[in-house]
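S.K.: when you get a sec, could you give me coordinates for this:
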Amino acid sequence: MTWFARRTFVRFAILLTPTLALLGALGSLCSAAEGKKLNVLLIASDDLNASLACYGHPQVKTPRLDELANRGVRFERAYCQYPLCNPSRASFLTGLRPDQTGVLENQTHFRQRVPDVVTLPQLFMNNGYFVARVGKLYHYGVPGQIGTSGFDDPPSWQQVVNPRGRDKDDEDKVFTLTPGQYGGTPSWLAADGEDDEQTDAKGAAAAIKLLEEHKDEPFFLAVGFFRPHTPYVAPKKYFELYPRDELKLPEQKEGDRDDIPPAAVSHARHHLDEKLTREATQAYLASITFMDQQVGKLLDALDRLHLRDNTVVVFLSDHGYHVGEHGGLWMKQSLFEPSARVPMIISAPGMKSAGKGTTQIVELIDLYPTLADLCGLKAPENLPGKSLKPQLDDVSAPSKGFALTQVRRAGGGGGKAKGQGKAGRGGVFHGYSLRTDRFRYTEWDGGAKGVELYDHQNDPQEFDNLANDPKFKDEVARLSKQLRDLVEAK
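M.R.: Numbering: from 1, shown residues only. Predicted coordinates for the structure are as follows:
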């Protein structure tokens with residue numbers, strides 16, 4: 001039996017023991033009754049789509065995140081506000097939409113636009129918590145800024161740890177589609193050595209040390225893992241879990257792009273043949289499983305330190321990720337489902353829906369009011385998100401019922417459009433996408449550069465653009481008004 005099989009067998013046994021979850025809930029209710037402040041462990045993965053076993057991926061191995069999902073609520077339809085690192089992270093850590101923070105690329109710091117905003121970790125710091133960060137929470141240039149504080153926000157933390165491992169030292173060994181470039185293009189390495197030498201493993205070890213040092217006081221600990229962000233780096237044993245010729249690649253449809261506006265795919269610049277697609281997919285999945293094992297170390301530490309029953313655990317990604325959909329899209333910055341959708345799991349003491357999933361539409365900006373609500377803190381009144389505490393007790397409880405995701409495009413001059421869609425200097429224009437229970441509706445440059453409508457009830461892979469179908473004329477008009485009302489209310 002392999003090392004992974006042995007670990008998986010042990011974790012699977014845990015998954016088959018719901019009594020543990022019940023006992024945890026009872027213990028946590030006692031803690032709450034005693035008036036103890038709830039701790040928060042926020043775990044963020046970088047560039048992770050919903051390729052997790054607990055989200056139904058047929059091949060990926062994520063036993064530790066599956067375990068967390070068995071003790072929490074899995075949000076099946078959670079969406080980022082901007083599928084790019086800096087805008088997304090600035091958004092969910094301030095609780096504001098990207099148009100409110102003014103962060104629409106990787107070069108602007110949100111305090112240039114909203115200098116006095118109280119971030120999510122600051123809220124906890126202001127309420128007597130020890131607040132620390134390990135790894136990437138705000139934007140880092142990966143892999144260039146690994147080992148530094150990157151584009152951090154110092155007022156948000158009392159202590160920071162910037163791990164650096166051999167993946168940084170081994171950059172010259174990485175295969176990349178663009179020579180000399182690793183972060184902005186698909187790149188990968190089946191690494192020599194052991195887990196503990198990698199940056200994310202060093203980050204997990206540092207986070208565990210902080211848990212040990214601060215277990216007797218209320219804490220808000222944010223741990224940001226770099227994987228599976230490109231370069232997709234993991235020890236070789238993880239690559240061996242995914243034989244390339246056995247990988248299931250995204251389904252393609254002939255003529256898929258014929259009804260897609262050019263703006264929807266204008267960011268795509270990576271073209272991989274089948275051989276490279278299989279190599280990149282293998283590396284991406286290997287990096288996910290490696291990251292999963294590091295998450296497991298944190299969960300084990302919570303249990304060993306008897307902290308699980310008094311700690312809210314959140315796992316999420318900053319945005320989704322393409323691995324070849326729609327004729328070969330890779331990475332992010334699209335408004336299609338694989339790019340906008342994120343995994344999000346919340347495990348909270350006393351919750352009544354442990355081990356279940358909810359299909360309610362939620363957004364990453366809902367995280368701020370959720371954690372404030374769970375921990376009894378008063379969040380700022382201007383937050384557009386909504387607490388997800390109701391879904392933690394009843395997965396069928398309604399959410400606000402929509403998610404708004406946006407991107408920005410440059411070039412092409414830009415036609416004149418109404419309101420939010422006006423093209424700016426240099427042909428810069430915006431795309432906004434509204435996800436509802438049934439539909440995804442997208443406008444490019446206020447509709448001047450294209451409109452998309454996908455019926456997720458019948459077309460979950462978004463192959464058929466129905467925006468010009470007369471049968472959906474009324475639906476397009478309704479969703480367009482809802483979208484514009486949301487954007488103009490920012």
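S.K.: what about residue 480, helix or strand, and which?
M.R.: Secondary-structure element containing residue 480, defined by DSSP states H and E: helix 473-488.
S.K.: tell me which residues in that helix are buried?
M.R.: Within helix 473-488, the residues that count as buried by 16 or more other CB atoms under 10 Å are 475, 476, 479, 480, 483, 484, 486, 487. Placement of C-beta: from N, CA and C, glycine included.
S.K.: mind giving me the packing neighbours of that helix?
M.R.: With contacts defined as 3 or more CB pairs under 8 Å, 6 or more residues apart in numbering; DSSP states H and E, helix 473-488 has these neighbours: strand 403-409, strand 429-435, strand 439-444, strand 451-455.
S.K.: export the second one as CSV, just CAs?
M.R.: Read that as strand 429-435. What follows is strand 429-435, C-alpha atoms only, in CSV (Å, rounded to 0.1, in the frame of the first residue of the first chain):
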residue,chain,number,x,y,z
PHE,A,429,-13.6,48.7,-21.3
HIS,A,430,-15.3,46.5,-18.8
GLY,A,431,-17.1,43.2,-18.8
TYR,A,432,-19.7,42.4,-16.1
SER,A,433,-21.2,39.0,-15.5
LEU,A,434,-24.3,38.2,-13.5
ARG,A,435,-24.8,34.7,-12.2
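S.K.: quick one: average pLDDT of it?
M.R.: Mean per-residue pLDDT for strand 429-435: 98.
S.K.: ditto for stretch 453-468
M.R.: Averaged across stretch 453-468, the pLDDT comes to 98.
S.K.: so for it, what gets flagged as buried?
M.R.: 453, 454, 455, 456, 461, 462, 463, 465, 466, 467.
S.K.: also stretch 244-260?
M.R.: 250, 256, 257, 260.
S.K.: stretch 147-155 now?
M.R.: Neighbour-count burial for stretch 147-155 flags 147, 150, 151, 152, 153 (criterion: 16+ other CB under 10 Å).
S.K.: now intersect those residues with the strands, please.
M.R.: Among the buried residues of stretch 147-155, no member is found in strands (DSSP state E).
S.K.: so residue 133, which of the three states?
M.R.: strand (DSSP: H, G, I helix; E, B strand; the rest coil).
S.K.: thinking it is in contact with residue 222, fair?
M.R.: Yes - here residue 133 reaches residue 222: they are 4.9 Å apart, a contact under CB atoms under 8 Å.
S.K.: which residues do those two both contact?
M.R.: residue 121 (CB atoms under 8 Å, 6 or more residues apart in numbering).
S.K.: CSV please, covering the buried residues of stretch 244-260 and showing distance to residue 287, pLDDT and secondary structure.
M.R.: Conversion of the buried residues of stretch 244-260 to CSV gives the following (distance: CB to CB, whole Å; pLDDT from 0 to 100; DSSP: H, G, I helix; E, B strand; the rest coil):
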residue, distance to residue 287, pLDDT, secondary structure
250, 18, 95, coil
256, 27, 96, helix
257, 28, 95, helix
260, 29, 97, coil
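S.K.: now, among the residues you listed, which is nearest to residue 274?
M.R.: Of all the buried residues of stretch 244-260, residue 274 sits closest to residue 250, with 11.8 Å by CB to CB.
S.K.: part of a helix, is residue 143?
M.R.: No - judged by three-state DSSP, residue 143 forms no part of a helix; its state is coil.
S.K.: surely it touches residue 183?
M.R.: Yes - if you go by CB under 8 Å, residue 143 and residue 183 touch, sitting 5.8 Å apart.
S.K.: which of the two has more neighbours?
M.R.: residue 143 (22 against 18; other CB atoms under 10 Å).
S.K.: report the contact partners of that one.
M.R.: Per CB under 8 Å, 6+ apart, neighbours of residue 143: 167, 168, 171, 182, 183, 226, 231.
S.K.: please redo it, this time with the cut-off set to 10 Å
M.R.: 164, 167-168, 170-171, 174, 182-183, 187, 199, 226, 229-231, 233 (CB atoms under 10 Å, 6 or more residues apart in numbering).
S.K.: equivalent analysis for residue 313, please.
M.R.: For residue 313, the contacting residues are 39-43, 68, 71-72, 295, 298-299, 302, 307, 345-349, by CB under 10 Å, 6+ apart.
S.K.: where does residue 343 fall, secondary structure wise?
M.R.: For residue 343, the host element (DSSP H and E) is strand 341-347.
S.K.: next, the angle from that strand to strand 429-435.
M.R.: Interaxial angle of strand 341-347 relative to strand 429-435 (axes from the mean of the first three to the mean of the last three CA atoms, to 10 degrees): 50 degrees.
S.K.: what strands line up against strand 341-347, and which way round?
M.R.: strand 73-79 (antiparallel), strand 311-317 (antiparallel) (DSSP bridges).
S.K.: report all helices and strands that the helix or strand that it is followed by contacts.
M.R.: Note on strand 341-347: by DSSP H and E, the next helix or strand toward the C-terminus is strand 356-363. Under the contact definition 3 or more CB pairs under 10 Å, 6 or more residues apart in numbering; DSSP states H and E, strand 356-363 sits against helix 63-70, strand 73-79, strand 341-347, helix 389-393, strand 403-409.
S.K.: for the second one, output the C-alpha coordinates as CSV.
M.R.: If I follow you right, that is strand 73-79. Only the C-alpha atoms of strand 73-79 are listed here, as CSV (Å, rounded to 0.1, in the frame of the first residue of the first chain):
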residue,chain,number,x,y,z
VAL,A,73,-20.7,23.3,4.6
ARG,A,74,-19.5,23.1,1.0
PHE,A,75,-20.7,26.1,-1.1
GLU,A,76,-21.3,24.6,-4.5
ARG,A,77,-21.9,27.9,-6.3
ALA,A,78,-19.6,30.5,-4.8
TYR,A,79,-18.1,33.2,-7.1
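S.K.: since that was my last question, I'll sign off now.
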